[in-house]
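> this one's sequence-less:
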């Protein structure tokens with residue numbers, strides 16, 4: 001699992017840069033499983049199962065497993081880089097926003113938080129990290145507007161470091177990752193620590209408020225809407241390509 005990978009590399013001095021990319025040319029990571037909406041206990045159950053599968057691991061009180069993973073990835077001493085050449089929606093975009101640096105292909109990438117169209121809010125750190133990156137007004141626009149944004153707007157809003165021509169994305173990220181990987185690991189970790197001291201820290205309470213809001217939103221109306229969306233094919237490959245249109249049509 002991703003959490004097991006993060007735990008394994010955290011203390012590995014030979015690992016200095018981690019690049020996350022998708023083997024699927026269309027999708028970075030899809031939105032979260034709709035089972036979280038059809039069964040209000042699914043996310044708490046997933047949190048409990050993740051803890052049981054990794055003895056000794058903990059999820060801070062008031063957080064769910066997706067939020068806890070956000071902090072585990074963000075706190076890695078290595079540099080994490082995301083390379084986006086497809087869609088990243090919902091939980092997929094929440095994961096993408098965890099990373100230290102993010103680069104996206106112009107004309108081939110899309111980022112979105114469609115949860116409001118499903119009757120909930122982004123509950124995997126989305127409200128926290130989008131506000132951190134884009135600011136309050138733009139976070140409200142993107143979360144409540146549920147718009148899929150391309151690389152150029154994402155760059156302007158601060159969701160990514162750079163929007164790059166698709167043909168240049170691989171070589172740019174590879175060159176950057178290799179340059180950083182050539183540094184002494186101590187240089188990377190102390191630089192991250194220094195930058196994080198200046199950057200606005202994320203209060204744990206922000207995640208707790210998001211989690212409380214997510215669970216408060218669950219209920220019969222959300223479950224009914226989720227079943228309608230599933231019937232419309234929103235959790236199919238074709239539906240994922242056309243997610244916003246489907247969600248807005250229900």
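The structure has been received and is ready for your questions. Model, not experiment: these values are computed from the prediction.

> use CA for all of it now, contacts and neighbours both
Noted.

> backbone phi and psi for the residue lying farthest from the centre of the chain, please?
Largest separation from the mean C-alpha position in the chain: residue 184, at 28.4 Å (C-alpha atoms, centre = their mean). Reported as degrees, to the nearest 10, the phi and psi values for residue 184 are phi -60, psi 140.

> Could you give the number of residues near residue 181?
Residue crowding around residue 181 was assessed by other C-alpha atoms under 10 Å; the count is 18.

> How much space separates it from residue 17?
As judged by C-alpha to C-alpha, to the nearest Å, residue 181 and residue 17 stand 6 Å apart.

> now do residue 200
Residue 200 is 23 Å from residue 17, by C-alpha to C-alpha.

> Would it be right to say that residue 19 lies in a strand?
Yes. Under DSSP: H, G, I helix; E, B strand; the rest coil, residue 19 sits within a strand.

> Now do the same contact list for it.
Residue 19 makes contact with 80, 81, 82, 83, 177, according to C-alpha atoms under 8 Å, 6 or more residues apart in numbering.

> what do you get for residue 104?
Residue 104 touches 83, 84, 85, 151, 160, 162, 163, 164, 166, 169, counting by C-alpha under 8 Å, 6+ apart.

> quick one: the strands in this structure?
Counting by DSSP state E, the chain has strands at residues 17-20, 27-29, 79-84, 87-89, 101-106, 110-112, 162-165.

> can you map out the helices along this structure?
Here the chain has its helices, by DSSP state H, at 2-9, 35-38, 42-53, 65-74, 91-98, 126-134, 136-145, 151-157, 166-181, 185-198, 204-217, 220-231, 237-241, 243-249.
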